[in-house]
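# Mind looking at a prediction? Sequence and model below.
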Amino acid sequence: MKYVIIGGVAAGMSAAMEIMRTDEQAEITVLERGAVYSYGQCGLPYVINGLVPSADDVIARSVQSFREDHGIQAEINIEVTELDAQERKVYAKRIQTKEVVSFTYDRLLIATGADPIQPNWPRINLEGIHVLKTIPDTKAIVTDMMENVEHVTIIGGGYIGLEATESFRSLGLSVTLIQRGDQLAKIFDLDMARQIHEEASKHGVDVKLGEEVTHFEGDKRVKRVITTNGAVDTDLVLISAGIHPNTDFLKGSGLHMTDEGAIIVSPAMQTSLPDVYAAGDCATHYHIVKQLNDYIPLGTTANKQGRIAGANMAGRYLTFKGITGTSIIQFFDLTLGRTGITEKEAKRLNIPYQAETKTANNQAGYYPGGEDLHIKLLYHPYTNHVLGGQIIGKKGVDKRIDVLATALYNQMTIDQLQDLDLAYAPPYNGVWDPIQKIARRWNRDKT
């Protein structure tokens, strides 16, 4: 059986290894546009400030390892340009030589990930303007920072924008963060995001909300970012305006995709074409709470979907159970966690909801060193099912957001939260966990 995988990072290589474990006779060819396989993109912002010493440290397995230890035909610097599903063939171009080659398959996995959005701003190609998605991107930024950089402008306040802001500030650089909307971290509701704004201000970040970039100025290198409200003098720019699925080459292939370009997949990661699968940041992700296909590209999901796709391609049958939209971010002294849906999403999807908020200590009140947890919990007013949670604080956010994610996965109700047997000792919790306190208050209000 000939397996071809397009993309050699999270989803692609999770699939490749699962195929190897399932089909001992597998012939696996992986086509990777870059030169690096199997690396943790989420660790790249921490390379900028040296917390992770080298970009190479985020590589899980080398290309040579896949070739020599696992017998995979691991191609690099090759870009797939066309899929011919009728002929079961993909066409590709070797980036360095421009040679056009083709590969036939019995089963194909598309795991091409996503590319950074780069708006069509005038002079966007000036030196000193970067994106952060790959190891070469990271190395370019680290090298560029040697050019007497004192001020950095970050465009976009999502995951990468916030993490990069912290990294640059930890190096003593001045940072301006430009967001065209009215809040940073749009994955949170505005009432929760205000704490993020305060944390940015506390750490000397110049946050500009409600501004749109129009163009850049400079001779050879960027010197100024021009927005709808004025100009920012700067030495380096990081564009963090989001990502979009890397699927443009599939237009005309017959694959069913969303308007945004994500490949629509079944629970078995099958596409609309025979023996063609997709996984990771180029595919849709079924959302358990919303009960519809969504697009929330994260490394955890890519690895899970890749494993499931590989198993099914090799003859087993596994299904992807879905996501709850769980994520967590470190932003200076705060941890920002969320899962499920927000008020904004509930309103957009016409899902009835009730919101409860509470500020509680992350540990026993009498034990020294406690910190406030700011919690927002959404539940369905008729069925009482938990719909989502947002938690911001300095300690204990990860513990609680994972409890809520588990509750969402198991479709628990708010009153069932108070029955959970959660870990307790004074340094870690009170006898009633903060999310259980919300459940108890809800229960009292209902009786």
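Done, it's in.

# And the helices in the stretch 101-250 of the chain, which stretches?
With helices called from DSSP state H, counting those that start in this stretch, the stretch 101-250 of the chain shows them at 135-144, 159-170, 190-202.

# Dump those to JSON lines, plus mean pLDDT and distance to residue 375.
Bear in mind the C-beta positions are built from the backbone N, C-alpha and C, glycine included. Output for the helices of the stretch 101-250 of the chain, formatted as JSON lines (pLDDT from 0 to 100; distance: least, C-beta to C-beta, whole Å):
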{"stretch": "helix 135-144", "mean pLDDT": "97", "distance to residue 375": "34"}
{"stretch": "helix 159-170", "mean pLDDT": "98", "distance to residue 375": "20"}
{"stretch": "helix 190-202", "mean pLDDT": "98", "distance to residue 375": "9"}
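
# Deepest in the core, which of those helices is it.
Using mean count of other C-beta atoms under 10 Å, the stretch among the helices of the stretch 101-250 of the chain with the largest mean neighbour count is helix 159-170, at a mean of 23.

# then that one to CSV, C-alphas only?
What follows is helix 159-170, C-alpha atoms only, in CSV (Å, rounded to 0.1, in the frame of the first residue of the first chain):
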residue,chain,number,x,y,z
TYR,A,159,-2.1,33.7,20.8
ILE,A,160,1.2,34.6,19.0
GLY,A,161,0.8,38.3,19.5
LEU,A,162,0.5,38.0,23.3
GLU,A,163,3.2,35.4,23.7
ALA,A,164,5.6,37.4,21.5
THR,A,165,4.8,40.6,23.4
GLU,A,166,5.9,39.0,26.7
SER,A,167,9.1,37.6,25.0
PHE,A,168,10.1,41.0,23.6
ARG,A,169,9.4,42.8,26.8
SER,A,170,11.4,40.3,28.8
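
# what packs against it?
helix 45-48, strand 151-155, strand 174-179, strand 236-239, strand 327-331 (3 or more C-beta pairs under 8 Å, 6 or more residues apart in numbering; DSSP states H and E).

# among those, which is nearest residue 163?
Closest to residue 163 of the helices and strands packed on helix 159-170, according to C-beta to C-beta: helix 45-48, at 3.8 Å.

# Can you list the buried residues in the helix or strand of the chain with the lowest mean pLDDT?
None of the helices or strands of the chain scores lower by mean pLDDT, DSSP states H and E than helix 434-446, at a mean of 82. Buried residues in helix 434-446, counting neighbours by 16 or more other C-beta atoms under 10 Å, are found at 434, 435, 436, 437, 438, 439, 442.

# contacting residues for the most centrally placed residue in the chain?
For the chain, the residue sitting closest to the mean C-alpha position, by C-alpha atoms, centre = their mean, is residue 298 at 3.4 Å. Residues in contact with residue 298 (C-beta atoms under 8 Å, 6 or more residues apart in numbering) are 323, 327.

# distance of residue 354 from residue 377?
Going from residue 354 to residue 377 by C-beta to C-beta, to the nearest Å gives 9 Å.

# Please say which of those two ends up with more neighbours.
residue 377 (24 against 15; other C-beta atoms under 10 Å).

# Now that one: which helix or strand?
strand 372-379 (DSSP states H and E).

# Partner strands of that strand, with direction?
Using DSSP bridges, the strands paired with strand 372-379 are strand 354-361 (antiparallel), strand 386-393 (antiparallel).

# Next, the angle strand 327-331 makes with the last one.
By that I understand strand 386-393. If you take axes from the mean of the first three to the mean of the last three C-alpha atoms, to 10 degrees, strand 386-393 sits at 10 degrees to strand 327-331.

# Residue 290: what secondary structure?
The three-state assignment at residue 290 reads coil, by DSSP: H, G, I helix; E, B strand; the rest coil.

# how close does it get to residue 341?
Taking C-beta to C-beta, one finds residue 290 at 6 Å from residue 341.

# Touching both of those two, which residues are there?
349, 351.

# Turn the helices of the stretch 101-250 of the chain into JSON lines, columns for distance to residue 32.
Shown next, in JSON lines, are these (distance: least, C-beta to C-beta, whole Å):
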{"stretch": "helix 135-144", "distance to residue 32": "12"}
{"stretch": "helix 159-170", "distance to residue 32": "22"}
{"stretch": "helix 190-202", "distance to residue 32": "36"}
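
# among those helices, which is nearest residue 419?
Among the helices of the stretch 101-250 of the chain, helix 190-202 sits nearest to residue 419 (C-beta to C-beta), with 26.6 Å.
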